[in-house]
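**Q** Structure of the sequence below:
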Amino acid sequence: QDFAGQDVIARDLMLISVSTPPEKRAEILALIEMFRGKVVDIAQKFVMVEVSGPESKIEAFIDACRPYGVKNVVRTGTVAMSRNAKKQAD
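**A** Next up is the predicted model:
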């Protein structure tokens, strides 16, 4: 759908796997909290995080994680809905 000229809410969703050496784990968990991410899996050497929001937030989180070692990233791309969308009756 074309949202040109409309007031929309747009979000991306990302799963990212970041290396977590034991001495850096607290830093990485603080970073996740700062970006309001959600830990969806944790292991001895990595943490998998879900982050959603505007594309700029997703890109900023990826950049912030690079020094720790980004192992894998998957993204939905942008999803959007018009703020003026009418509710449909069930």
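**Q** only C-alpha atoms for contact and neighbour calcs from this point on.
**A** Noted.
**Q** Can you show me the CA trace of the strand ranked longest in the chain as CSV?
**A** Ranked by residue count and defined by DSSP state E, the top strand of the chain is strand 8-19. Extracted C-alpha coordinates of strand 8-19, given in CSV (Å, rounded to 0.1, in the frame of the first residue of the first chain):
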residue,chain,number,x,y,z
VAL,A,8,1.8,6.5,9.4
ILE,A,9,3.4,4.4,12.2
ALA,A,10,6.3,2.4,10.7
ARG,A,11,8.5,-0.2,12.4
ASP,A,12,11.2,-2.7,11.6
LEU,A,13,11.7,-5.9,13.5
MET,A,14,15.2,-7.5,13.9
LEU,A,15,16.8,-10.5,15.5
ILE,A,16,20.5,-10.1,16.0
SER,A,17,23.0,-12.5,17.5
VAL,A,18,25.9,-10.8,19.3
SER,A,19,29.1,-12.4,20.7
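**Q** That one pairs with which strands, and in what direction?
**A** strand 46-53 (antiparallel), strand 70-75 (antiparallel), strand 79-82 (antiparallel) (DSSP bridges).
**Q** quick one, which of those is packed in tightest?
**A** Mean neighbours per residue, mean count of other CA atoms under 10 Å, is largest over the strands paired with strand 8-19 for strand 46-53, with a mean of 19.
**Q** Since that was my last question, I'll sign off now.
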